[in-house]
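>>> after the sequence you'll find the predicted model.
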Amino acid sequence: MILAASRPYFAPYPGYFLKAALADLCVILDSVQFPRGTTWLTRNRFKNDQGALWMTIPVRKKGLGLQPLPAVHICREGRWRHKHLESFKHAYGHAPYFGEHRAALADGLGADSDRLIDLNMRLIGYLMHQLGISTPRVRLSELGIRSAGTQLVIDICRHVGACTYLAQRSARSHLDAGLFAAAGIELIFFTPPAVVYPQLWGDFIPDLSAFDLLFNCGPKARDVMRGK
């Protein structure tokens, strides 16, 4: 069994989903610590007439110290959901497939739960479905594993019976290959293909949220993601 593990980022880029597609099981690291600084858990890049468009989900951090990700709550104050949806409309109103996904995006940003993890998991689930990815998902919080770092990944592999761990090449410096070898688990790396597809607003910008790919390519997004 090939295992992949990923944090539940906000509207991730296509390479995130390609890794899930190449695995037999994907573990979502939903119980890790929420970082103090900027993080892909709360923001991602889209595109408008000015170039890269950063969208950020506001969360409560002041005075709360270090928080586990499940404890992080979205700020209710302000009109950020309305502003985000208006920004999407301005940026993608003329994209060929924006209309097909606009309601789902609005539902994902506006659902009742105030937890960041719930918002991110809704959007990840929607994108996986639209990209045709059927890889089973399980949450780390369901496994009862408390280790950290490379040992966490090894313990997850042992728990689910995985003999191979799939990681993006950018994670090489964070994983101890010796520990994988000692555990008898194969560690393999991959680099997502550098795909180019039609975008609005001038020169192509790589590695935007997978929503950009979906809005512009619709049913062809799955093949584009795989570099076909």
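Yep, it's here.
>>> any idea of the mean pLDDT for the helix or strand containing Glu86?
Per DSSP states H and E, Glu86 falls inside helix 80-92. For helix 80-92, mean pLDDT is 96.
>>> tell me the buried residues in it?
When neighbours are counted by 16 or more other CB atoms under 10 Å, the buried residues of helix 80-92 are found to be Trp80, His84, Leu85, Phe88, Ala91, Tyr92. Where you see a C-beta, it was placed from the backbone N, CA and C, and this is true even at glycine.
>>> which pLDDT does the model give the closest residue to Val27 other than its chain neighbours?
Take Val27 and drop its neighbours on the chain: the residue closest to it by CB to CB, 6 or more residues apart in numbering is Ala5, 4.4 Å away. Ala5 carries a pLDDT value of 97.
>>> next: Glu77.
83.
>>> which strands or helices does the helix or strand where His129 lies pack on?
According to DSSP H and E, His129 maps onto helix 116-130. Applying 3 or more CB pairs under 8 Å, 6 or more residues apart in numbering; DSSP states H and E, one finds that helix 116-130 contacts helix 14-22, helix 98-110, helix 210-217.
>>> show me the contact partners of that helix.
For helix 116-130, the external contacting residues (CB atoms under 8 Å, 6 or more residues apart in numbering) are 8-12, 17, 20, 28, 30, 41-42, 57, 59, 69-70, 72-74, 101, 104-105, 107-109, 111, 113, 135, 137, 210-211, 214, 221.
>>> mind redoing it with 7 Å?
8-12, 17, 20, 30, 41-42, 57, 59, 69-70, 72-74, 104, 108-109, 111, 210, 214 (CB atoms under 7 Å, 6 or more residues apart in numbering).
>>> next SSE downstream of that helix?
The helix or strand immediately downstream of helix 116-130 is strand 137-139, counting by DSSP H and E.
>>> what comes up buried for the helix or strand just after that following strand?
Per DSSP H and E, the first helix or strand lying C-terminal to strand 137-139 is helix 149-160. By 16+ other CB under 10 Å, the buried positions in helix 149-160 come out as Thr150, Leu152, Val153, Ile154, Asp155, Ile156, Cys157.
>>> stretch 10-18 now?
So, applying 16+ other CB under 10 Å, buried residues of stretch 10-18: Phe10, Ala11, Pro12, Tyr13, Pro14, Gly15, Tyr16, Phe17, Leu18.
>>> run the chain-centre distance for it.
Taking CA atoms, centre = their mean, to the nearest Å, one finds stretch 10-18 lying 5 Å from the centre of the chain it belongs to.
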